[in-house]
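**Student:** This is a predicted model, with the sequence first.
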2 protein chains.
Amino acid sequence: MKIRVGAVGYGNLGRGMEYAIAQTPDMELRCIVTRREPSGVKPATDGVEVLHIGDIRRLAGEVDVMVLCGGSATDLPAQTPEFAKLFNVVDSFDTHAKIPEHFKNVDGAAKSGGHTAIISAGWDPGLFSVNRMVSEAVLPAGGSYTFWGKGVSQGHSDAIRRIEGVADARQYTVPVQSALEAVRGGQNPEIDTRQKHTRECFVVAKEGADLSRIEREIITMPDYFADYHTSVRFISAEELAKDHSGMPHGGFVIRGGKTGRGNENSQIIEYGLKLDSNPEFTAGVLTVCARAACRLNAEGVTGCKTMFDIPPAYFSAESGDELRKRYL
Amino acid sequence: MKIRVGAVGYGNLGRGMEYAIAQTPDMELRCIVTRREPSGVKPATDGVEVLHIGDIRRLAGEVDVMVLCGGSATDLPAQTPEFAKLFNVVDSFDTHAKIPEHFKNVDGAAKSGGHTAIISAGWDPGLFSVNRMVSEAVLPAGGSYTFWGKGVSQGHSDAIRRIEGVADARQYTVPVQSALEAVRGGQNPEIDTRQKHTRECFVVAKEGADLSRIEREIITMPDYFADYHTSVRFISAEELAKDHSGMPHGGFVIRGGKTGRGNENSQIIEYGLKLDSNPEFTAGVLTVCARAACRLNAEGVTGCKTMFDIPPAYFSAESGDELRKRYL
């Protein structure tokens, strides 16, 4: 019997879930749960029910795991604990500083409902977190580095759009190549986020807007741009639509460790992602976590988990025998 | 209380264990178990007992986990099942084709003794295996590629040394850069191991030996070299000792996946290692598996496991709270 998955939300991540589940023979997308008027939501897959979020309780017993595809600012802090009482759930909550609090809320709710919740799944937090942690355990002496990009930062793009005279904007976070090479070379340089990344801004200005003022406002914006090497290029709305409509992202987690007599040997672990579509990749990770949540729950494990707590075998549909034969 | 570790064997891997444990505050190397005359083995660490392998039973109750640092050809197939009856054990058994059989033997032995065994730990099999498996689960549509090197292949070096007229030799496996770039570019080329690697041989000839015959014998050697692009360079014994005495290795596991509508998007996951010392890095992985074996055993989990079965959190000495705060 297939794992019956529900997706709450049908934005980029929800659509990514739909494509990801279509690639997994052991799972089916049973329904999409939305805040919108259900008749206005048209899934790409035949036979997928669309339900209003107010009716979600109806799905108890009909869905094995609910994947929450909303945002971390307001959706997930409320939805994940609420729905963990009713279903096994998976979310991609990514407000790093608030993860401990979110974990606690979800843990209590999931346990009270006898369900399994996996939070903060995706690539960062998620696969990057696991690599940071395991690499540091394997190589306790050394330095750890996370680089993001080249990729679109939604938050920074939004910040530019709020400037007067800006019609639209797209901001890319780009790793500094020389910093990346120093880290790969085992030099363990002392560098912070600002020295590791530059910010490239593509801006569509409204007609008659003062371009030099806009550029100045961007590059001096505190927190977002002021401390970074920032470049601004004004382009047409057509060019933005043509060349900058994708959602690429990625990055690198690198551990530069030292081992042996007098720490004489340099050991580098590098984990890298180069993604054409950030939400579709995140959806792939949510899919394997949905599988793991069901399996843990079937074994009687309830409460809140993160990817730190999941044996990798649980991400796969194959048996232990098969995994050892094919991948070990 | 610290985890008390024993190491069976004191070759490159055993010495690597000694250095690795010195970097972990929660573990101590309690003893080295050897086939040699114990008085002839001098550990680098003060206070480490050296015991003859015939007396290993004396250590029951005094060692929490035994790390088996012998070879996969003859040592581990016998030792791991035997010692799993007496201790929690970890090994780096790497004869890929025989892993299912080894797993079965160790599983029965470990269960009968109430112990936990983790086999085939290291980087390949080990971290590379986990990455191959998880990447394919996250991106089910696509191609998987493992490249090894640049690194020393002991088996190929030995094969050259068996040729008449060869005094010593060192063989490096080197990834083909153009193949690596094609894979990184998401092209998912159809290539086999031979197209992914070249073989560089550094050979010290005996005085008066026929160099062109040696070179011919190397590059035409079936299985080892005949189907590869192989280069042979004759050097002096001094140069071999000076420039080729290290044990570097590494490689890359790359998944080129396709996602989205009509698989329009390319998603690349790359895991790479660049190691100055292969045995010291492997020892680092064995260390975290030793920690995990003790923890699983304390929870009542017995039998044989691989890195597929271990929640990443078990590799770390830190608490779940701490891990979520620091790494997620």
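**Tutor:** Received the coordinates, thanks.
**Student:** Only C-alpha atoms from now on, for both contacts and neighbour counts.
**Tutor:** OK.
**Student:** so what pLDDT did whichever residue of chain A sits closest to chain B get?
**Tutor:** Nearest residue of chain A to chain B: A:Pro311, at 4.1 Å (CA to the nearest CA). At A:Pro311, the pLDDT value in this model is 98.
**Student:** Number of residues surrounding the closest residue to it other than its chain neighbours?
**Tutor:** Computed as CA to CA, 6 or more residues apart in numbering or on different chains, the closest residue to A:Pro311 that is not its neighbour in sequence is B:Pro311, at 4.1 Å. By other CA atoms under 10 Å in any protein chain shown, the residues close to B:Pro311 number 20.
**Student:** contacting residues around B:Pro311?
**Tutor:** B:Pro311 makes contacts with A:Phe308, A:Asp309, A:Ile310, A:Pro311, A:Pro312, as judged by CA atoms under 8 Å, 6 or more residues apart in numbering or on different chains.
**Student:** Pipe the residues you listed into TSV and attach secondary structure and distance to B:Ile21 per row.
**Tutor:** Compiled in TSV, these are given as follows (DSSP: H, G, I helix; E, B strand; the rest coil; distance: CA to CA, whole Å):
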residue	secondary structure	distance to B:Ile21
A:Phe308	helix	23
A:Asp309	helix	24
A:Ile310	coil	26
A:Pro311	coil	24
A:Pro312	helix	25
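**Student:** Mind jotting down where the strands sit in chain A?
**Tutor:** A:3-8, A:27-34, A:49-52, A:65-68, A:88-91, A:116-118, A:142-148, A:151-152, A:166-175, A:197-205, A:229-234, A:249-259, A:265-275, A:303-305 (DSSP state E).
**Student:** Tabulate these (a markdown table), appending mean pLDDT, distance to B:Tyr172 and mean neighbour count.
**Tutor:** Conversion of these to a markdown table gives the following (pLDDT from 0 to 100; distance: least, CA to CA, whole Å; neighbours: other CA atoms under 10 Å in any protein chain shown):
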| stretch | mean pLDDT | distance to B:Tyr172 | mean neighbour count |
| --- | --- | --- | --- |
| strand A:3-8 | 98 | 47 | 24 |
| strand A:27-34 | 97 | 44 | 22 |
| strand A:49-52 | 96 | 57 | 19 |
| strand A:65-68 | 98 | 47 | 29 |
| strand A:88-91 | 98 | 45 | 30 |
| strand A:116-118 | 98 | 43 | 33 |
| strand A:142-148 | 97 | 27 | 20 |
| strand A:151-152 | 95 | 36 | 24 |
| strand A:166-175 | 97 | 32 | 22 |
| strand A:197-205 | 97 | 36 | 23 |
| strand A:229-234 | 96 | 41 | 16 |
| strand A:249-259 | 98 | 22 | 25 |
| strand A:265-275 | 98 | 18 | 23 |
| strand A:303-305 | 98 | 43 | 25 |
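**Student:** Reformat those strands into TSV and put distance to chain B next to each item.
**Tutor:** Below are the strands of chain A laid out as TSV (distance: least, CA to the nearest CA, whole Å):
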stretch	distance to chain B
strand A:3-8	15
strand A:27-34	13
strand A:49-52	20
strand A:65-68	15
strand A:88-91	14
strand A:116-118	13
strand A:142-148	11
strand A:151-152	13
strand A:166-175	17
strand A:197-205	20
strand A:229-234	26
strand A:249-259	7
strand A:265-275	5
strand A:303-305	10
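**Student:** want to throw the ones you listed into TSV with distance to B:Gln79?
**Tutor:** Formatted as TSV, the strands of chain A follow (distance: least, CA to CA, whole Å):
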stretch	distance to B:Gln79
strand A:3-8	42
strand A:27-34	42
strand A:49-52	57
strand A:65-68	44
strand A:88-91	42
strand A:116-118	39
strand A:142-148	34
strand A:151-152	50
strand A:166-175	48
strand A:197-205	50
strand A:229-234	58
strand A:249-259	27
strand A:265-275	29
strand A:303-305	36
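**Student:** Spit out the contact partners of the residue nearest to A:Val106 when sequence neighbours are not counted.
**Tutor:** Nearest residue to A:Val106 in three dimensions, chain neighbours excluded: A:Pro81, at 4.5 Å (CA to CA, 6+ apart). For A:Pro81, the contacting residues are A:Asn105, A:Val106, A:Asp107, A:Gly108, A:Ala109, A:Ala110, by CA under 8 Å, 6+ apart.
**Student:** what do you get for A:Gly16?
**Tutor:** So A:Gly16 contacts A:Pro279, A:Glu280, A:Phe281, A:Thr282, A:Ala283, A:Gly284, B:Gly260 (CA under 8 Å, 6+ apart).
**Student:** What parts of the stretch 1-150 of chain A come near chain B?
**Tutor:** For the stretch 1-150 of chain A, the residues in contact with chain B (CA under 8 Å from any CA of the partner chain) are A:16, A:19-20, A:23-24, A:96-97, A:99-100, A:120, A:124-126, A:129-130, A:132-134, A:137-141.
**Student:** Let's see that with 10 Å instead.
**Tutor:** A:15-25, A:44, A:94-100, A:103, A:120-121, A:124-141 (CA under 10 Å from any CA of the partner chain).
**Student:** Any of the residues you listed buried? List them.
**Tutor:** Buried by 16 or more other CA atoms under 10 Å in any protein chain shown: A:15-24, A:94, A:96, A:99, A:103, A:120-121, A:124-141, out of those.
**Student:** So what's the predicted local confidence for A:Gln154?
**Tutor:** A:Gln154 is given a pLDDT of 87.
**Student:** Near it, how many other residues are there?
**Tutor:** Around A:Gln154 there are 13 residues (other CA under 10 Å).
**Student:** again with A:Glu238
**Tutor:** 10.
**Student:** now do A:Asp223
**Tutor:** The burial count for A:Asp223: 8, using other CA under 10 Å.
**Student:** and the closest residue to A:Val301 other than its chain neighbours, what is it in contact with?
**Tutor:** Leaving aside its sequence neighbours, A:Val301 sits nearest to A:Thr116 (CA to CA, 6+ apart; 6.8 Å). Taking CA atoms under 10 Å, 6 or more residues apart in numbering or on different chains as the criterion, A:Thr116 is in contact with A:65, A:84-85, A:87-90, A:106-107, A:109-110, A:290, A:292-298, A:300-305.
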